[in-house]
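[1] Sequence first, predicted coordinates after that:
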Amino acid sequence: MVVWKDGSGNWVVFEDRCPHRLAPLSEGRLEPSTGQLMCSYHGWQFDSQGKCTSIPQIGEPAAHAAACSSKRTCAITYPSQVAQGLLWVWPDAASSDLAAASPPALSSQWGAGGWTLLGGEWFARDLEYGYDTMMENLFDPSHIPFAHHGIMGSASRDKAQPLAITTKVDVTAQGGFQLFRDSAPFKTAAPTDTVNNFVPPTLNASSQTNTVKGTTLVLTFYGIPTAPGKSRVITAFFTNAKVPAFAAKLAAAVEWVFHLGQNQVLDSDGMLLHVQERLLHEGRDTNWRSAFYMPAGADLGIIKFRSWYHDCAGGSVPWPGALASQGLGPVLPRAVVMDRFSQHTQHCKSCSAAVKWIQRLQLGQLRQRFFFIDYEHWNRK
């Protein structure tokens, strides 16, 4: 896909190929005089509807108009909309009516009265494991005190405890499912009720309520498949607890600090998931029901998600073209799996700006935290 903003300030999404000679339109440019997308190969221009408006190789007006009126000169346009600070794309140009009748799964906390978005804006990072592996992991709270030992609040190995997870709403193709538990995966000072809600195909919203204070923290995750063995996570955390206005403004101003913490969490189980995925999909047993042994009730979320993914969604992402037959490939080096810079920093306005001023101040150790920090479980006390 190629994503661009037209002269009126609207986001537009095309298939990333010019109808002329199939050059990638993502290598094109926005023509200032027209506000349209120009293919850099031969200069064809397209408006926000995908209609070709200029073919420099045809000088005769009637021939030019006839060529531009042909459907064969149109770029393929995908339905899209902006909601809650995110661009939502329907990746099928042939079903625009279905797209219009299928609203995105939005956060009920975003912009709602009484709720504060923590840490600035949405956080996004590309990951070296696939959509199903990422979503499965989000429904697995019992890994937190081990995989994220010492880096997620008070979570630690010595505080791990059994979990009793129950089903509030069982699996359906369109409705997803909803789970409930009345404790955290590690011992906490206050009791916590958690409702984990899956809205297919992308949203995982975990609402954690302190039953003593009555305050709720909502962890919102969107899981997006980008290629076989690769995915993107987009997250935002909301609370209805009182947050002083100055604290919220300060957090937004130093958004990169929050992002460093998010990156550390993702690094701490990144290698585990990268390898686990290959053992499942390309190992001696590719059936999750027999490959996994899950005797504990804490694994209910994995069972529910895998049931939805395989029984309701076909068990794979419908990749287009050559991606459909692309394998996962060998296990990648740790520095690639945990490459914060290419997966997040270079794309993040806050973090990339922080790197620049940290370089000017010559704070080498802090700068490194935006690039790669190896996370090894064996030596963490």
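    Cool, the structure landed.
[2] contacts and neighbour counts: CA atoms only from here.
    Noted.
[3] Model confidence for Gly364, exactly?
    pLDDT, Gly364: 69.
[4] What ranges in this structure fall below the confidence cut-off?
    Scanning the chain for pLDDT under 70 picks out 364.
[5] In contact with the residue most central in space within the chain, which residues?
    In the chain, the centroid-proximal residue (CA atoms, centre = their mean) is Val233; its distance is 2.4 Å. The neighbourhood of Val233, defined by CA atoms under 8 Å, 6 or more residues apart in numbering, consists of Ala124, Arg125, Asp126, Leu127, Phe221, Tyr222, Gly223, Ile224.
[6] try 7 Å this time
    Ala124, Arg125, Asp126, Phe221, Tyr222, Gly223, Ile224 (CA atoms under 7 Å, 6 or more residues apart in numbering).
[7] burial of the last one, as a residue count?
    Spelled out, that is Ile224. If you count neighbours by other CA atoms under 10 Å, Ile224 ends up with 20.
[8] Just the element for it, please.
    Assigned by DSSP states H and E, Ile224 belongs to strand 216-227.
[9] Return that strand as PDB; C-alpha atoms alone will do.
    Output in PDB follows, covering the C-alpha atoms of strand 216-227 (Å, rounded to 0.1, in the frame of the first residue of the first chain):
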ATOM      1  CA  THR A 216      -9.800   1.000  36.400                       C
ATOM      2  CA  LEU A 217      -6.800   0.800  34.100                       C
ATOM      3  CA  VAL A 218      -7.600  -0.200  30.500                       C
ATOM      4  CA  LEU A 219      -4.800  -1.600  28.400                       C
ATOM      5  CA  THR A 220      -5.800  -1.400  24.700                       C
ATOM      6  CA  PHE A 221      -3.900  -3.400  22.100                       C
ATOM      7  CA  TYR A 222      -4.400  -3.600  18.400                       C
ATOM      8  CA  GLY A 223      -2.600  -6.500  16.700                       C
ATOM      9  CA  ILE A 224      -1.900  -6.100  13.000                       C
ATOM     10  CA  PRO A 225      -0.400  -8.700  10.600                       C
ATOM     11  CA  THR A 226       2.200  -7.200   8.300                       C
ATOM     12  CA  ALA A 227       3.900 -10.300   6.800                       C
END
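[10] which residues sit against it?
    Contacts for strand 216-227 (CA under 7 Å, 6+ apart): 130-131, 135, 202-210, 231-241.
[11] which of the residues in the very next helix or strand once past it are buried?
    Downstream of strand 216-227, the next assigned helix or strand under DSSP H and E is strand 230-239. By neighbour count on 16 or more other CA atoms under 10 Å, the buried set for strand 230-239 is Lys230, Ser231, Arg232, Val233, Ile234, Thr235, Ala236, Phe237, Phe238, Thr239.
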